[in-house]
Each structure stands twice: as C-alpha cells, then as structure tokens.
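> Quick one, what's the 3D model for this:
(chains A, B, C and D)
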Number of protein chains: 2
Amino acid sequence: MPAEPSVPARAKPSDELQAVALEQFATRGFSGTSLQQIADVAGYSKSSVLYHFSSKEALLDAVLTPAIDEFGRILDAWISDASTDAARQAFLEAFVDLLLRYRLEVHTFISQGQSLEDVPVVARANATILRMAEAVCPPESSVEDRLRFGIALGGAAYTLTADLTFGSGMTTDDAASDVELRPALVHIISELLSPVPAHAVPASTR
Amino acid sequence: MPAEPSVPARAKPSDELQAVALEQFATRGFSGTSLQQIADVAGYSKSSVLYHFSSKEALLDAVLTPAIDEFGRILDAWISDASTDAARQAFLEAFVDLLLRYRLEVHTFISQGQSLEDVPVVARANATILRMAEAVCPPESSVEDRLRFGIALGGAAYTLTADLTFGSGMTTDDAASDVELRPALVHIISELLSPVPAHAVPASTR
DNA sequence: GCAGTTGCTGACCGATCGGTCAATTACCGT
DNA sequence: ACGGTAATTGACCGATCGGTCAGCAACTGC
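Residues are numbered from 1 along each chain as shown, chains lettered A, B, ... in the order given. Just a heads-up that it's a prediction; the model follows:
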C-alpha cells in the first residue's frame, strides 16, 4: 500500500528535510541555519534530523552533491570534447539548465564557497568552478575577460535567487517562467563570455 | 604629541575593529562571525569590542552605513538629474567607483541582504537597491533587461571579492590593480545595462 | 507471541553564543 | 596629590548551538 508513487502527498522524510535545509541554507546561510530551525520548518524534531543525517555537515553534503556532480559532469563533457563552437554552445545551454534546475544549490556554494571551503563537498565545488574558469578564460586572457566570467557566474547565481531578497517577481516559483528565463540567460551569458561580436567600442576607457 | 597624523602605525581602536569585522562579515558571513573571532583577530578582548560597539548588530551598522549612504547619494543624484545620457554615464562611473572602494561592504549586503533584512541598515540597503532597480529597468522592461541588471549587480559584487575564494589574482590587495579594473568594469556594466548598442539581436526571446 | 528493525523523540551534554557587570589601569586637568 | 573619564579586561549570565543516548511506538518476519 505505501508503494503509491502517483500520490506524492508525502515525500520521503529525508527528502523533505533536504528540501527544507536547502532553502534555509540558501536564504539564511549555512551557519545562520540551526538544526532546530530546519526541524521546526519541516515539522520534525531536531533528533529526527540527526537520525536521517549524521551531522549538519552531512546534511549540507547530501543537499549539494547532486548539483556539483552534474556540474562536473557537463564541464568534463565540454573539456574532453574538442573546443568547437558547437560544443561551446552545447555546454553553455547545459550550464544554463543547471543554473535553473539547481539554482538554490548553486547559489549556496557560490555565495558561501569561501566560508565553507573546508567542507569537502564545497571544496569540490570550488575546484570545479576553478576548472571552469581555466577552461573559459585561460591565464593569458585579459583582465576584462576574466571579469566577464566572474560576473556571469556570480551574477547568474545571485539573480536567479534575488527575488527571495526583493520581489522582482521574475523568479517566482511557477516553473513556467523558466522557459522564459532560459533563452534570455543563454543570450546574456553567451554575450558575456564571448569577446563582444563586432561593433565599435567607444574609446571611453580614456 | 598624539596628534601625529603622519604616523598611522596605530589607527583608532574602533577603526581597527571595524576593519576586522568588515573582513570577517564579508568572508565568513555575519552569523558565521563571532565577537570572539573579531576580538581575537584584532587583538582585543570580546569585552572591548562590546565597549566600542553596543552590540554585534551596532558593529554591522557602523561598518555598512558609510557605503550605503554614499550609494543612496549617487543614486539620488542620478534620479534627480534629467535622465540624459551624460548623467547616466556619470552615474555608472560613480557606481563603479563605489563598487571598487566599498567592495567588501557591497558584497556583504548584496549576498546577505535576505538573511539580514530585519537589520535596519541592511533594510535601507535593500530599499536602495530596489530604487536603483526601478530606475535602471522600469516595470515595463523585458525579462531580459531585468536579468541584465541583476547579473551586473550581483556579478560585480561577487567578482570583486571572488579571489578571496579562489586565487584568480585580479583583486589582489594592491591598489594599482583598481585602475586596471575600473575601465573594464565600466565597459562591462555599461554593456549589460544598455540594451546592446546597435548590432542585430536575434529574436531568440520568442 | 515475540525478537528485530525502523522512525522518531525528549532528556541531556559540553561548548559557544551575544551580552552585562564590576574591577582595574592609565591618563587627564587642576 | 586628587577626582574624573576613557579604555580594557575577566568573570559571569541565560540561551542556543551541534551532537549523543536511551527509550518508545509501529510495523515486520517467524
């Protein structure tokens, strides 16, 4: 009788806890979130949380691992491939899909990557980001190109969860908006990572 | 005799504490930073910190207020001015200067604006950001334009402190790099906030 | 009926949190 | 020499932190 996948009224407790924890970690921060808060929001006791996850850090690990695994996967797929324009475009779209699907996870380890650097799963995330940085803008890149990459990465992670801060209303939870967001994101990030197509740049730099 | 401004070997204790606190708040997060840590790094006791600042929150307030005050100032200057292109350019450069000068402060209330929204000074920062959002991309703006603004804002705040995370080495503490960063930042942000100058935009939005 | 496992909980632990307070030291003008 | 103020500190407080542990239901297989 419990084998009734068509009735998702009650998900597995550990999944509920992960979902609640992820939301709290992303909005209040890891150190700003207590196990008691997570338990309260999810409707369990603190002891139950520690029954399903051996520690607060293990909970963070379980929450972030799927996202950073897939992140590494699509990055490897691109690097191993010859760096054709088509492969670059495919990676870019896969990356945008990753951002949309795992926006809370990405936001968490982007904006807290420094304070949590000694947590293994976050260290993996930082290393993967670093690999991506080297792939997108190798050491011989200009300062501006490296700036562009950082802005694209940090900006996307910030913006996709920004309406949690102020109601810009463009990342409201209805999934339909994602299909509206996706092409715009692809366009903007593509524009940021490509050295600007062709038009004249005013010499306003001086 | 103590009036010797040419020997800044020892700054005022409250300034030392503010500097240390700012660095900790930006890297470890507000809730991830204890008064004990601040005291240890600054070389004082926890009691001394609470002597100079009545509470942890008051310390955060003192640290962030100058940045958000100037932020509101340059934003008001732009809004009150007629929205000529020259005024927009002036605002943009002033904004970039603000980002460079107060990068740690901006990073703090951008990336922790949601978790600290009930701290008055952070609430002011959020309100100011919202005002800037309305000025840059009014409600009739497209989703992509609002995305661009968010990416520019969050991306700049993230990137300018990113080398604290991984050594991209472009924001190393030597102030000379700022003069290299500034024109590049102005260029990129200008490009993000302007609907793309003149070349054909594919109708990929639909 | 009964041992075994699973899920969940309250009681409890040492450590640390932000914050208060009284005492101490050093320096000031007089 | 003396009173006053500013600066600093350790001792201490209640609350909360992450985490441990023994127990308690409920559902199994036998």
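> What segments of chain A are strands?
Along chain A, no segments are classed as strands by DSSP state E.
> Which positions in chain A make contact with DNA strand C?
A:13, A:44, A:45, A:46, A:47, A:48, A:50, A:51, A:52 (C-beta under 7 Å from any atom of the strand). Heads up, the C-betas are built off the backbone N, CA and C, glycines and all.
> Could you find the closest non-adjacent residue to the spatially most central residue of chain A?
Note on chain A: the residue nearest the mean C-alpha position is residue A:106, at 1.7 Å, using C-alpha atoms, centre = their mean. In space, and not counting its chain neighbours, residue A:106 is closest to residue A:157: 5.1 Å by C-beta to C-beta, 6 or more residues apart in numbering or on different chains.
> Residues of chain A that sit close to DNA strand D?
A:33, A:34, A:35, A:36, A:37, A:46, A:47, A:50, A:54, A:55, A:56, A:57.
> Narrow these to those in helices?
A:35, A:36, A:37, A:46, A:47, A:50, A:56, A:57 (DSSP state H).
> okay but the first one is in contact with residue A:55, surely?
In this case it means residue A:35. No. With contacts counted by C-beta atoms under 8 Å, residue A:35 stays clear of residue A:55, the gap being 9.2 Å.
> lowest average confidence, helix or strand, in chain A?
Of all helical and strand segments in chain A, the minimum by mean pLDDT, DSSP states H and E falls on helix A:176-193, at a mean of 88.
> Would that one count as contacting chain B?
Yes. On the criterion C-beta under 8 Å from any C-beta of the partner chain, helix A:176-193 is in touch with chain B at A:180, A:181, A:183, A:184, A:185, A:186, A:187, A:188, A:191, A:192.
> which stretches of chain A aren't confidently modelled?
When residues are selected by pLDDT under 70, those of chain A lie in A:1-10, A:163-176, A:195-206.
> just the helices in it please.
Using DSSP H, the helices of chain A run over A:13-28, A:35-42, A:46-52, A:56-80, A:85-101, A:103-111, A:120-136, A:143-159, A:176-193.
> Which ChimeraX command selects the buried ones in the residues of helix A:176-193 next to chain B?
Applying 16 or more other C-beta atoms under 10 Å in any protein chain shown to the residues of helix A:176-193 next to chain B leaves a buried subset, and the ChimeraX line that selects it is:
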select /A:181,183,184,185,186,187,188,191,192
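> Tell me the one among the residues of helix A:176-193 next to chain B nearest to residue B:20.
residue A:192 (34.5 Å; C-beta to C-beta).
> Name the nearest residue to that closest one, sequence neighbours excluded.
Per C-beta to C-beta, 6+ apart, closest to residue A:192 is residue A:152, 4.2 Å.
> wait, that neighbour sits on residue B:155?
Yes. Counting by C-beta under 8 Å, residue A:152 touches residue B:155, with 6.5 Å between them.
> Which residue comes closest to residue A:16 once chain neighbours are left out?
residue A:42 (5.4 Å).
> dump the residue contacts of the one you found.
A:16, A:17, A:20, A:49 (C-beta atoms under 8 Å, 6 or more residues apart in numbering or on different chains).
> For the second one, list the residues it contacts.
Contact analysis of residue A:17 by C-beta under 8 Å, 6+ apart lists A:38, A:42, A:44, A:49, A:52, A:53, A:59.
> how does it look with 10 Å?
A:11, A:38-39, A:41-44, A:48-49, A:51-53, A:59, A:62-63 (C-beta atoms under 10 Å, 6 or more residues apart in numbering or on different chains).
> Now the two most distant members of these.
A:43 and A:62 (18.9 Å).
> neighbour-wise, which of these two wins?
Between residue A:43 and residue A:62, residue A:62 has the larger neighbour count (other C-beta atoms under 10 Å in any protein chain shown), namely 18 against 11.
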